[in-house]
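Structure here, sequence nowhere to be found:
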């Protein structure tokens, strides 16, 4: 099924096609297939997942050209590139005129959940007006654990190290995050089953831990990927 955003007017399509040619992207059928596939996606999508969607639709493509087309759509305001704090990979999302939404990001399964709340938007608008601040744009990203992963949390009784108490000793249960982050933490000695003592946790900034008789300072972002239990 072909789904095209209401923002893709004939005028915009003509401008896009001219820009594609300028960037040496001359396969009109391919660009149209990429655009249609992109706008048929209702959620944030990684590049690798987008490639899989194209393959599933039996569309022949070059990965570099796909990325170029997506970047051009973002330049034209027809898409957004997003990178959340809990990962290194970039998400792409097509835009909808006149619509604004915020995000819940699960630090355990890395799923992104979009939501809108009129009361919250009105509250923000009221706060801006009281302080004489003109808002041009804003975003709200809430990091936590989703409903499905909360069930797992209850079963394994684990939680992120960033929520641990000072001077308490825990056992490392699991490391989450991208491969590079996992490798970095493993090299530092953060492995499943190891005892770890929380020396400093002020609620913001670096966290200090004692691991294998060595004190280490790690960023809060890293601490949110290290799940421990008692």
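Good, I have the coordinates. This one's a predicted model, so the numbers in the text were calculated from it and none came from an experiment. Residues are numbered from 1 along each chain as shown.

what's across from residue 209 in the sheet?
residue 198, residue 216 (DSSP bridges).

Repeat that for residue 172.
In beta-bridge terms (that is, DSSP bridges), residue 172 pairs with residue 228.

For it, the count of nearby residues, please.
21 (other CB atoms under 10 Å). All C-beta atoms are positioned from the backbone trio N, CA, C, and that covers glycine.

correct me, but it touches residue 197?
No - look at residue 172 against residue 197 with CB atoms under 8 Å: they stay out of range, at 11.5 Å.

for this protein, what spans make up the strands?
45-46, 79-82, 91-94, 102-106, 112-115, 141-144, 159-160, 169-175, 195-200, 207-211, 214-218, 226-229 (DSSP state E).

Against residue 134, how distant is residue 70?
31 Å (CB to CB, to the nearest Å).

For those two, indicate the residue with more neighbours.
Neighbours were counted for residue 70 and for residue 134 using other CB under 10 Å; residue 70 has more, 22 against 6.

Skipping adjacent residues, who's closest to the more buried one in space?
Spatial nearest neighbour of residue 70, excluding adjacent residues (CB to CB, 6 or more residues apart in numbering): residue 92 at 5.5 Å.

quick one: contacts for the one you found?
Contact analysis of residue 92 by CB atoms under 8 Å, 6 or more residues apart in numbering lists 38, 44, 45, 46, 47, 50, 70, 74, 79, 80, 81, 82.

The residues you listed, buried ones only, as a PyMOL selection?
Buried subset of the contacts of residue 92, written as a PyMOL selection, criterion 16 or more other CB atoms under 10 Å:
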select buried, resi 38+44+45+50+70+74+79
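
Save the contacts of residue 92 as TSV, and put in pLDDT too.
Shown next, in TSV, are the contacts of residue 92 (pLDDT from 0 to 100):
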residue	pLDDT
38	84
44	75
45	80
46	77
47	82
50	87
70	88
74	82
79	77
80	76
81	77
82	71
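
would TSV of the contacts of residue 92 with distance to residue 64 be doable?
Shown next, in TSV, are those (distance: CB to CB, whole Å):
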residue	distance to residue 64
38	16
44	22
45	18
46	16
47	11
50	13
70	11
74	16
79	17
80	21
81	16
82	21
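
which one of the contacts of residue 92 is nearest residue 178?
For the contacts of residue 92, the minimum distance to residue 178 (CB to CB) is 11.2 Å, reached by residue 46.

Could you list the low-pLDDT ranges of the chain?
Flagging of the chain using pLDDT under 70 yields the residue ranges 1-10, 42, 83-89, 95-101, 107-108, 136-138, 150-156, 203-204.

so where do the helices sit in it?
Using DSSP state H, the helices of the chain run over residues 10-22, 28-39, 47-56, 63-75, 118-130, 147-156, 179-187, 220-223.
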